[in-house]
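Q: Starting from these lines, generate the structure:
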Amino acid sequence: MQSSPKLLKEQELAASEALYESPVHVAEKQKARAALYSLLAAVFLTSVKVSVGLYTNSLAILSEALHSGLDLVAALMTWYAIRVSARPADRHHPYGHGKMENLSALAETVLLFIVCAYVGYEGVHRIMDGSSPVVPSLWGVGVMLLSMAIDINRVRHLRKVAKETNSQALEADALHFSTDILSSAVVFLGVLAVWLADVLKLPPELRALIHQADTVAALIVALIIFKVSLTMARRAVDFLLDAAPEDALEQIEKSVVQVEGVCSLDRLRMRSAGAGTFVDLSVAVDPHLRVSDGHRIASEVEAHVCSIVPGADVVVHVDPYNGAGSDQTTFGLIQSAARTHELDVHDVHILHESDGTEAAMAHVEFPGRTSFGRAYDRCKAFEADIAQKHPQVHLLTHIEPSASEQNAQVLDAEKDKLAGFVAERVQACCDREPLVFGMHALTLRRTADGLNVSFHCLISGILSVQEVHDITVRMEKSLREEIPLLDNILVHMEPQLPGEDARCHEPQGAAGQGAQSGQTAQAARG
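A: Presented below is the predicted three-dimensional model:
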């Protein structure tokens, strides 16, 4: 049943509306709306303060007007930075555009330092020569009260949105404008003192002294701005240089090592970009764990990190643990080191000596055409690595060519006399073993290296692996003595189930015609 064009259009519209109202998009809209509100407030306050400051000739109000003008520039930069930082990551910016917010904050502090320098210079100049008297006016008092009211409302709104969206740019703006409230209060007191001195008709000497309160208030504002700007500059530089908060790092370290399966935390890095935080770390786990277990541990580590740094982008790298305090067996240590050196090892034997040391012997395979000198150097590096990390283990290696792939011809016992002879000898060998109940799936193959024989045998399932292995070795030895032409022999042992008739496994014809097991193994070199 096909959907109508109208239904398809409604579905597309619903999907686009869902995307438009996604949590990420809603958060970006909130941030942009808050930045725009701050921008409009800065435009209004700057205009009012400039007008009243010029009318009253108050340096404190003019310094506040200049401060508000820079607030306007800062709000404009914040608004633009938020728009840019909201862009998704791309090929050239794999971590996104979040650092645009930090660049905006740093540029804002540079502007504030310029304000501090100008106000400080002008204030000292007025105090020294007593120039530019202030015109007492209620306009100055009113505009400062209005400024504080708007800033209080603006700070509350910015802090609310910054907390909801985890925006560092809006958080910096809120901190900035909270200092505006304090500086406006200082200026308000200075302007109020000048107005009261004029209204109360104080003596000229005292009135002149109080008039200087306006200039002193301006200098105090400059000091406040300088202190806040210095703090903001340090934070912006720290973010741009990828400085990680020490308290968060310590919490992550303590939390990660408590995850079950984590042997050690080898590396931890953390960086921030705007509202985003990126954490990558390497943990060591038991090298014998399954891939699924390693993935589970990595997921738990990621969850622990996100509980400390909500919304963090976490990458967990899992390494095999090779520490001296590992509870690995010597066999596991050798296998793990062999994987590190990209070597194929087999026939690993461990001998425990009376002095507490261990003698280990292992066969190492290389392609037949590999230079012996090259193979020897790699084996010596392998042995040296074991000796350095595990001094109690003395490893000795044997170099041999790895099994090569060859073309093979299957021989029919009914047509080939040699194949028939081998089949008879194998059957006789099985008959001599009282614990072997039957033989089937015998196959004889001819290769360039010689003859390869494989066959399946039934044996009691209650025997141990060592007992079954001893029987297999005895059978292989007997066949080699009777048939020197055999190159490889593979005896595939199968447990006989209770009540099962061994005859059901017996071959239906000559060698090569029996049922082939689905568990065919590669021929092992004897």
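
Q: show me where the stretch 201-350 of the chain has strands.
A: In the stretch 201-350 of the chain, the strands defined using DSSP state E, counting those that start in this stretch lie at 264-273, 276-285, 313-320, 344-352.

Q: ok, and what's touching the shortest one?
A: Taking contacts as Cβ atoms under 8 Å, 6 or more residues apart in numbering, the residues outside strand 313-320 that touch it are 266-267, 276-287, 294, 297-298, 301-302, 305-306, 336, 339-340. C-betas here are computed from N, CA, C, even on glycine.

Q: which of the residues you listed count as buried?
A: Neighbour counting with 16 or more other Cβ atoms under 10 Å marks 276-279, 281, 283-287, 294, 297-298, 301-302, 305, 336 as buried within the contacts of strand 313-320.

Q: circling back: tabulate the strands of the stretch 201-350 of the chain (TSV), appending mean pLDDT and distance to residue 193.
A: TSV is the format used below for the strands of the stretch 201-350 of the chain (pLDDT from 0 to 100; distance: least, Cβ to Cβ, whole Å):
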stretch	mean pLDDT	distance to residue 193
strand 264-273	87	44
strand 276-285	89	47
strand 313-320	91	54
strand 344-352	88	89
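
Q: Any chance of these in JSON lines with distance to residue 332 as columns?
A: Compiled in JSON lines, the strands of the stretch 201-350 of the chain are given as follows (distance: least, Cβ to Cβ, whole Å):
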{"stretch": "strand 264-273", "distance to residue 332": "17"}
{"stretch": "strand 276-285", "distance to residue 332": "13"}
{"stretch": "strand 313-320", "distance to residue 332": "10"}
{"stretch": "strand 344-352", "distance to residue 332": "10"}
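
Q: so which of these gets nearest residue 444?
A: Closest to residue 444 of the strands of the stretch 201-350 of the chain is strand 344-352 (Cβ to Cβ; 24.9 Å).

Q: Check which element follows the lowest-mean-pLDDT helix or strand in the chain along the chain.
A: In the chain, the helix or strand scored least confidently by mean pLDDT, DSSP states H and E is helix 5-20, which has a mean of 50. For helix 5-20, the succeeding helix or strand toward the C-terminus, using DSSP states H and E, is helix 23-56.

Q: What helices and strands are in contact with that next one?
A: Under the contact criterion of 3 or more Cβ pairs under 8 Å, 6 or more residues apart in numbering; DSSP states H and E, helix 23-56 touches helix 59-85, helix 138-165, helix 168-199.

Q: Pull out the buried residues from whichever strand or helix holds residue 360.
A: Taking DSSP H and E as the definition, residue 360 sits inside strand 358-366. Residues 360, 362, 364-366 are the ones in strand 358-366 that count as buried (16+ other Cβ under 10 Å).

Q: okay, the angle between it and strand 344-352?
A: 170 degrees (axes from the mean of the first three to the mean of the last three Cα atoms, to 10 degrees).

Q: Name the strands paired with strand 358-366 and say parallel or antiparallel.
A: Within its sheet, strand 358-366 is paired with strand 344-352 (antiparallel), strand 393-401 (parallel), according to DSSP bridges.

Q: so who does the residue nearest to residue 76 when sequence neighbours are not counted touch?
A: Leaving out its chain neighbours, the residue that sits closest to residue 76 by Cβ to Cβ, 6 or more residues apart in numbering is residue 39, at 5.9 Å. Contacts for residue 39 (Cβ under 8 Å, 6+ apart) come out as 72, 75-76, 78-79.

Q: how does it look with 7 Å?
A: Applying Cβ atoms under 7 Å, 6 or more residues apart in numbering, we find residue 39 in contact with 75-76, 79.

Q: can you check residue 297 too?
A: With contact taken as Cβ under 7 Å, 6+ apart, residue 297 is in contact with 259, 261-262, 285, 318.

Q: Kindly recompute the last result at 10 Å.
A: Contacts here follow Cβ atoms under 10 Å, 6 or more residues apart in numbering; on that basis residue 297 touches 259-263, 283, 285-286, 289, 316, 318.

Q: Reformat those as a markdown table; add distance to residue 219.
A: As requested, the contacts of residue 297 are exported to a markdown table (distance: Cβ to Cβ, whole Å):
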| residue | distance to residue 219 |
| --- | --- |
| 259 | 55 |
| 260 | 60 |
| 261 | 61 |
| 262 | 56 |
| 263 | 60 |
| 283 | 55 |
| 285 | 61 |
| 286 | 66 |
| 289 | 66 |
| 316 | 53 |
| 318 | 59 |
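
Q: tell me which strands and helices the helix or strand encompassing residue 427 is in contact with?
A: Taking DSSP H and E as the definition, residue 427 sits inside helix 417-431. Counting contacts by 3 or more Cβ pairs under 10 Å, 6 or more residues apart in numbering; DSSP states H and E, helix 417-431 packs against strand 409-411, strand 436-447, strand 450-460, helix 465-482, strand 486-496.

Q: Let me know the angle separating the last one from helix 417-431.
A: Here the directions of strand 486-496 and helix 417-431 differ by 40 degrees (the same axes, to 10 degrees).

Q: distance between strand 486-496 and the chain's centre?
A: Computed by Cα atoms, centre = their mean, to the nearest Å, the separation of strand 486-496 from the middle of its chain amounts to 48 Å.

Q: Check the fourth one too.
A: Centroid separation between helix 465-482 and its chain, computed with Cα atoms, centre = their mean, is 52 Å.

Q: one step back: make JSON lines from the contacts of residue 39 and add pLDDT, neighbour count and distance to residue 378 to it.
A: Formatted as JSON lines, these follow (pLDDT from 0 to 100; neighbours: other Cβ atoms under 10 Å; distance: Cβ to Cβ, whole Å):
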{"residue": "75", "pLDDT": "76", "neighbour count": "25", "distance to residue 378": "65"}
{"residue": "76", "pLDDT": "80", "neighbour count": "16", "distance to residue 378": "64"}
{"residue": "79", "pLDDT": "78", "neighbour count": "20", "distance to residue 378": "61"}
